[in-house]
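sequence first, then the predicted structure:
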Amino acid sequence: IHSDRASDFEAIMLVVGTTVGGGFLAMPYFAAPAGFVPAVAISVAAWAFLAASGILVSETLMRTWARSSGRAVSLLSATTEYLGAKWGYVTAVSFFVMMNCTLVSQLAKCGSLANFFSNGAISHVMGAFVTAAVIGAVSFSRMAAKVNAVATVGIFASFLAICVFGVQNLSPSKLAFMNFAAALPALPGLVQLYTYGECLPTIVDMLRGDRKRIRRVILLGTTVPLAMYTLWLIVSLAQSGAWAGSSDLAQTLLESGGVLGSATASVAVTASISTLIGGYLALSRFCADALKKKTVTHSKSVIALTL
């Protein structure tokens, strides 16, 4: 799929865009019962574990890629080579289900946003269908990495706007609240926000198996979400203004209108675009691997199966 060697910036933006979904705005829902310190402790532990595991998995992918003779490589071929066909099948089924769940959730959100901002003129289904068609077309073009980078920068800009509004009503003393007993139920929701493993085969191919660059991209690409999420926990959990106590902070911000509502919508849209591009690239590479296709060929069967 990637006939040209990508830049580190494009690769980092793919990791960031795959990691950061619009759902991160709901972090306070999971974190509030435990408090700021336990939530950050879980976040740091999740970041360290998933960054380390990403580097280890990328090592197997790099070695498999080096022996692939130009054929597409995914977690399917790497798992089969290192653990055998049985575990390859297990990986194939779990990966296929996970990626489709990810894509469906993002498309559903885009359909919901289209319906919301068109005041019902665009149906939920039509909004999701158009999004799938447009982002699918972009994902299979040479513009995919650049569009993803622009979308990810859009996430940063929109998120910064939300934080600027949020810091106006902070009560830092609220960050002192801690309830470690409530941290366990929050664990799955917080850890899930740091997952990005589906983009690793794409990263290995984008950087042509360059071990030093791949490791740097993984570490930088996963550190950016950690910083964003920590800042969001500070802004959201220390609120004393109108946001305080909201059970669905993302929806509250979206419905507030004005600059804040637009910035929230922008986060949701740009995050969905970057996650969808990363998801389509990951799923298409998996399909190409399963069909034993060359990486650089635009196979109609791979595109059709992915979409």
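Noted; the coordinates are in hand. Numbering: from 1, shown residues only.

part of a strand, is Thr64?
No. Thr64 is assigned helix when assessed by DSSP: H, G, I helix; E, B strand; the rest coil, not a strand.

what's the burial count for Gly154?
Gly154 has 18 neighbours, counted by other CB atoms under 10 Å. C-beta: built from backbone N, CA, C; applies to glycine.

I meant Ser74, not that one.
Neighbours of Ser74 under the rule other CB under 10 Å: 29.

same deal with Gly278?
Using other CB under 10 Å, Gly278 has 30 neighbouring residues.

so Asn115 makes contact with Ala128?
No. Using CB atoms under 8 Å, Asn115 makes no contact with Ala128, being 9.5 Å away.

neighbour count: those two, which is higher?
Ala128 (22 against 18).

and the more buried one, how close does it get to Val302?
Relative to Val302, Ala128 is positioned 22 Å away (CB to CB, to the nearest Å).

do the same with Gln251
Gln251 sits 37 Å away from Val302, going by CB to CB.

more crowded one of those two?
Just comparing Gln251 and Val302: by other CB under 10 Å the higher neighbour count belongs to Val302, 23 against 14.

need the three-state assignment for the more buried one.
Under three-state DSSP, Val302 falls in the helix class.

any idea which helix or strand of the chain has the worst average confidence?
Here the helix or strand of the chain ranked lowest by mean pLDDT, DSSP states H and E is helix 249-255, holding a mean of 71.

hmm, who's touching that one?
With contact meaning CB atoms under 8 Å, 6 or more residues apart in numbering, helix 249-255 is reached by 22, 25-26, 28-29, 116, 162, 236, 242-243, 246, 260-261, 263-265, 268.

and that helix, how far out from the chain middle?
Chain-centre distance of helix 249-255: 20 Å, with CA atoms, centre = their mean, to the nearest Å.

mind checking which of the contacts of helix 249-255 land in helices?
28-29, 116, 162, 236, 260-261, 263-265, 268 (DSSP state H).

tell me the contacts of Met13?
Contacts for Met13 (CB under 8 Å, 6+ apart) come out as 145, 148-149, 152-153, 221, 274.

now tell me which of those residues the prediction trusts least.
For those, the model is least confident at Ala145; its pLDDT is 84.

does it touch Val15 like I think?
No. Proximity of Ala145 to Val15 does not meet the contact threshold set by CB under 8 Å, at 11.8 Å.

and the two? which has more neighbours close in?
Neighbours per residue, other CB under 10 Å: of Ala145 and Val15, the larger number sits with Val15, 26 against 22.

now that one: closest residue in space, sequence neighbours ignored.
Computed as CB to CB, 6 or more residues apart in numbering, the closest residue to Val15 that is not its neighbour in sequence is Gly221, at 2.7 Å.

tell me where the model's unsure across the stretch 151-300 of the chain.
Applying pLDDT under 70 to the stretch 151-300 of the chain flags residues 241-250, 295-298.

helices of that one, start to end?
Under the criterion DSSP state H, counting those that start in this stretch, helices of the stretch 151-300 of the chain are mapped to 183-192, 200-206, 211-237, 249-255, 258-290, 300-306.

need the winner for burial among these.
Greatest average neighbour count among these goes to helix 200-206 (a mean of 27), per mean count of other CB atoms under 10 Å.

give the other helices and strands that it contacts.
In terms of contacts (3 or more CB pairs under 8 Å, 6 or more residues apart in numbering; DSSP states H and E), helix 200-206 is packed against helix 8-19, helix 36-66, helix 75-83, helix 211-237, helix 258-290.

closest one to Ile122 among the ones you listed?
Closest approach to Ile122 among these (CB to CB): helix 258-290, 13.8 Å.

the closest one vs helix 75-83, what angle?
Interaxial angle of helix 258-290 relative to helix 75-83 (axes from the mean of the first three to the mean of the last three CA atoms, to 10 degrees): 50 degrees.

no further questions, thank you.
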